[in-house]
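>>> Below: sequence and its predicted model.
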Amino acid sequence: MSLTEIPIEVRKLREETGLSQNRFAAYFGIPCQTYQQWERKERTPSPYIPAMMDYIIKLEKKVGELEEKVASLEKEKEADQEPDVPESGTIE
């Protein structure tokens, strides 16, 4: 990735998240003004910064998917453990 591509890459990452510039910058602990300067190509972040942002975003997406899977498995387990209850109104 060339230095001229870095601001474009950073903007693309932000747009993929759907976050505003303020929220995206805050999420990564970057002053908003600095982030805005990156997008306007007034300043260029070090090449490792968009790479780390991309890694963190992908990692968090994967964690979210795993959390959903665990929650789904827990629901299935709970459903399997529930005792069979006869329909109301029937006496055996």
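Here it is on my side, so go on.

>>> and the longest helix along the chain, what other elements does it pack with?
Taking DSSP state H as the criterion, the chain has its longest helix at helix 48-81. Contacts defined by 3 or more CB pairs under 8 Å, 6 or more residues apart in numbering; DSSP states H and E place helix 48-81 against helix 6-17. C-betas here are computed from N, CA, C, even on glycine.

>>> Can you point out the buried residues in the helix it packs on?
For helix 6-17, a neighbour-count test (16 or more other CB atoms under 10 Å) marks 6-7, 9-11, 13-14 as buried.

>>> what angle separates it from helix 48-81?
20 degrees (axes from the mean of the first three to the mean of the last three CA atoms, to 10 degrees).

>>> what's the next secondary structure element after helix 6-17?
Past helix 6-17, further along toward the C-terminus, the next helix or strand under DSSP states H and E is helix 21-27.

>>> which element is the residue nearest to Arg43 when sequence neighbours are not counted on?
The spatial neighbour of Arg43 that comes closest, neighbours along the chain excluded (CB to CB, 6 or more residues apart in numbering), is Gln37 at 4.3 Å. In the assignment (DSSP H and E), Gln37 maps to helix 32-39.

>>> Cool, thanks, signing off.
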